[in-house]
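S.K.: Following is a predicted model, sequence given first.
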Amino acid sequence: MSAAGSGDLVRYADRVLAGTGITALQVAAVVAGSATDAAAAALRAGWRCAANPVHVGSDEGRGAA
Amino acid sequence: MSVEWFDLAQRLYAAETRSPVARLTHTTFVPSTAALAVRAVPRGGSVTVAVAGFEGREERARDVDALGLLAAHGGTIVGRCDPAPLLTDDTGTLPALVTLARAHAHHPDPQVAGAAAMVAWWADRADHPGTSAVVNLVAASSARYVLGTTPEAERSATTWRQWFGISDDSVIGSHEWAAKIGGGPLLPLLKPIHEDDRYSWDRALSAATAGHDWSRPDNTASAAMGLRTRCDAADLKAAALLDDPLWRQRAVHTGHVAVGVASVTPPPIRSRRRNASLAATCERLDSRLRVGSEVTGWMGTPADKPFERFSVEVTSAQVVEGKLVLGLGSVGAHAPAPGARVCLMPQPPSPQTMRAGRGRYWRLYRARSWLSTGQTPVAARREVPLDVLIAGAED
């Protein structure tokens, strides 16, 4: 992961992930895996949301009123 | 709450792709070609101000000349029909401008005094979340995007400029920055706040025309109304964010949006009730939806928000076999099918109801009761109705 290039981000990530058994460098593998614990599920959700941002659809516009 | 992990994954994804990750598909402000990019730096009892209009060059001045410079760029309340929005990229500019404006509030040059009044209007609107009158580019960028950095690094304008590829770090670059984060449709619920910007501007113009001194402290009624409008804007902004599909996906991890499976109980036989009762067995326990909360829901995921939505009130919340079950009372239109995946979030406030409430509030304050004026009432003797005397004696 190129995040490894940013030492500050890796250190921050390790702090946020403390107690989950996941390290910053394992996040890509965790999101690609199928673990269902809270940390893995939240990481996967965040990663997928970043990778596949939805766009404002027609239904959204219809419902905006 | 798992939102820290959600955000972290987005930061790591941004670092991986070396590109900002969107938090919102909508914009939180409307970029304007009338905007003024300003940076004010206090130093040794003097304030240096740099100003650039859209596609203009940077100009600098100090102290009273700085107010004249603002006025020359349209940053004045004198002779303007439309307000010029303020773009800043730090938290120090507006307080420095306010200090300068207070020092020259009564300047004989109407342009300088007009610029001072304009600064006061900017400062007032800056307290209203969701305003387009003042855009703090760092805060607006953080609302819209996540960077592949630590949160601390994200608080720096330099970091944002690097990620957006803006090489000009002067105030001229602020216009390019605003254009980068201001694309897309406006969050629908922010429109009433922008209408309030306009209303507030018209009031400021009228007050300036009438010779009102903006530097004097507000009276009780104005202070109370100011607090109320700020609270309303904060509530609207919070609800507006939940209108965005990306934000809703994040909000699952803050507990503001709940996802679950619907169970529908038909009304009892011979009951006069016609609608079925709905309950949702949620995937997570950390929902912020409480008993009494008005919620809106739909069949689908947080990324959807179809027109076919139902509105209910949370009537019960209990944990059954380790899962949170929200009782939602009876549902009429657009009731979900039993077993359907449903998404629930707080019912957004009605801007019309808020405005009507503010109007009522204002009328009560204008009635000048002892509560609104803050003056202790003078004790006076008068006839007491017999019923009251008897009730008092019984107690």
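M.R.: Perfect, thanks for sending it.
S.K.: alpha carbons only for contacts and neighbour counts from here, please
M.R.: Fine.
S.K.: can you map out the helices along chain B?
M.R.: B:3-17, B:63-72, B:93-103, B:110-126, B:137-144, B:151-154, B:157-164, B:172-181, B:191-209, B:220-241, B:245-251, B:351-366, B:370-373, B:386-394 (DSSP state H).
S.K.: And those helices: which comes nearest chain A?
M.R.: helix B:3-17 (4.3 Å; Cα to the nearest Cα).
S.K.: could I have that closest one exported to PDB, CA atoms only?
M.R.: C-alpha atoms of helix B:3-17 as PDB (Å, rounded to 0.1, in the frame of the first residue of the first chain):
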ATOM      1  CA  VAL B   3     -16.900   5.700  12.100                       C
ATOM      2  CA  GLU B   4     -13.200   6.200  12.800                       C
ATOM      3  CA  TRP B   5     -12.500   2.900  11.000                       C
ATOM      4  CA  PHE B   6     -14.800   3.900   8.100                       C
ATOM      5  CA  ASP B   7     -12.900   7.200   7.800                       C
ATOM      6  CA  LEU B   8      -9.600   5.600   8.100                       C
ATOM      7  CA  ALA B   9     -10.300   3.200   5.200                       C
ATOM      8  CA  GLN B  10     -11.200   6.300   3.100                       C
ATOM      9  CA  ARG B  11      -7.900   8.000   4.100                       C
ATOM     10  CA  LEU B  12      -6.000   4.900   3.200                       C
ATOM     11  CA  TYR B  13      -7.800   4.600  -0.100                       C
ATOM     12  CA  ALA B  14      -7.100   8.200  -0.900                       C
ATOM     13  CA  ALA B  15      -3.400   7.600  -0.100                       C
ATOM     14  CA  GLU B  16      -3.400   4.500  -2.300                       C
ATOM     15  CA  THR B  17      -5.000   6.400  -5.300                       C
END
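S.K.: re the thing from before, between the helices of chain B, which has the poorest average model confidence?
M.R.: Of all the helices of chain B, the minimum mean pLDDT falls on helix B:370-373 (a mean of 69).
S.K.: Pull up the gap between B:Val342 and B:Trp177, please.
M.R.: Separation of B:Val342 from B:Trp177 (Cα to Cα, to the nearest Å): 38 Å.
S.K.: Ok, B:Leu100 next?
M.R.: Separation of B:Leu100 from B:Trp177 (Cα to Cα) stands at 26 Å.
S.K.: which residue packs closest to B:Met354, ignoring adjacent ones?
M.R.: The spatial neighbour of B:Met354 that comes closest, neighbours along the chain excluded (Cα to Cα, 6 or more residues apart in numbering or on different chains), is B:Asp232 at 7.0 Å.
S.K.: should've said B:Pro351
M.R.: Distances taken as Cα to Cα, 6+ apart put B:Pro192 closest to B:Pro351, at 6.6 Å, once the chain neighbours are dropped.
S.K.: From B:Pro348, how far off is that neighbour?
M.R.: For B:Pro192, the distance to B:Pro348 (Cα to Cα) stands at 13 Å.
S.K.: What of B:Val3?
M.R.: The value you get for B:Val3 to B:Pro348, if Cα to Cα is used, is 22 Å.
S.K.: what does stretch B:328-335 contact?
M.R.: If you take Cα atoms under 8 Å, 6 or more residues apart in numbering or on different chains as the criterion, stretch B:328-335 is touched by B:275-280, B:298, B:308-316.
S.K.: quick one, strands of chain A?
M.R.: Ranges of strands in chain A, per DSSP state E: none exist.
S.K.: Lowest-scoring secondary structure element of it by mean pLDDT?
M.R.: One helix or strand of chain A scores below all others by mean pLDDT, DSSP states H and E: helix A:58-63, with a mean of 35.
S.K.: I'd say B:Pro31 and B:Glu176 touch.
M.R.: No: B:Pro31 is beyond contact range of B:Glu176, at 10.1 Å (criterion: Cα atoms under 8 Å).
S.K.: How about the contacts made by B:Leu186?
M.R.: B:26-30.
S.K.: Most neighbours of all the residues you listed, which one?
M.R.: Neighbour counts for the contacts of B:Leu186 (other Cα atoms under 10 Å in any protein chain shown) peak at B:Thr28, which has 30 neighbours.
S.K.: Report pLDDT for it.
M.R.: Reported pLDDT for B:Thr28: 95.
S.K.: separation between it and chain A?
M.R.: B:Thr28 sits 14 Å away from chain A when distances are taken as Cα to the nearest Cα, to the nearest Å.
S.K.: Write out the residues of the stretch 251-395 of chain B neighbouring chain A.
M.R.: Proximity of the stretch 251-395 of chain B to chain A is confined to B:253, B:303-308 under the rule Cα under 8 Å from any Cα of the partner chain.
S.K.: In ChimeraX, how would I select the buried members of those residues?
M.R.: Buried members of those, defined by 16 or more other Cα atoms under 10 Å in any protein chain shown, are picked up in ChimeraX with:
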select /B:253,303,304,305,306,307
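S.K.: What degree of burial does B:Ala157 show, as a neighbour count?
M.R.: 18.
S.K.: Next up, the contacts around it.
M.R.: Counting by Cα under 8 Å, 6+ apart, B:Ala157 touches B:89-90, B:137-138.
S.K.: How many neighbouring residues does B:Ala391 have?
M.R.: Using other Cα under 10 Å, the number of residues around B:Ala391 comes to 9.
S.K.: cool, and B:His212?
M.R.: 12.
S.K.: Tell me how far it lies from B:Thr220.
M.R.: The value you get for B:His212 to B:Thr220, if Cα to Cα is used, is 16 Å.
S.K.: again with B:Gln111
M.R.: Distance, B:Gln111 to B:Thr220, by Cα to Cα: 30 Å.
S.K.: Same question for B:Val312.
M.R.: In terms of Cα to Cα, B:Val312 sits 38 Å off from B:Thr220.
S.K.: Straight-line length of stretch B:53-63, end to end?
M.R.: One end of stretch B:53-63 sits 19 Å from the other (Cα to Cα).
S.K.: Do you know the pLDDT at the residue lying closest to B:Pro267 once chain neighbours are set aside?
M.R.: In space, and not counting its chain neighbours, B:Pro267 is closest to B:Ala276: 5.3 Å by Cα to Cα, 6+ apart. For B:Ala276, the model assigns a pLDDT of 75.
S.K.: Residues in a beta bridge with B:Ala276, which ones?
M.R.: B:Val331 (DSSP bridges).
S.K.: that older thread, with distance to B:Ser46 added, can I get the helices of chain B in TSV?
M.R.: Formatted as TSV, the helices of chain B follow (distance: least, Cα to Cα, whole Å):
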stretch	distance to B:Ser46
helix B:3-17	40
helix B:63-72	6
helix B:93-103	9
helix B:110-126	16
helix B:137-144	25
helix B:151-154	29
helix B:157-164	23
helix B:172-181	23
helix B:191-209	27
helix B:220-241	30
helix B:245-251	42
helix B:351-366	40
helix B:370-373	39
helix B:386-394	66
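S.K.: Understood, closing this out.
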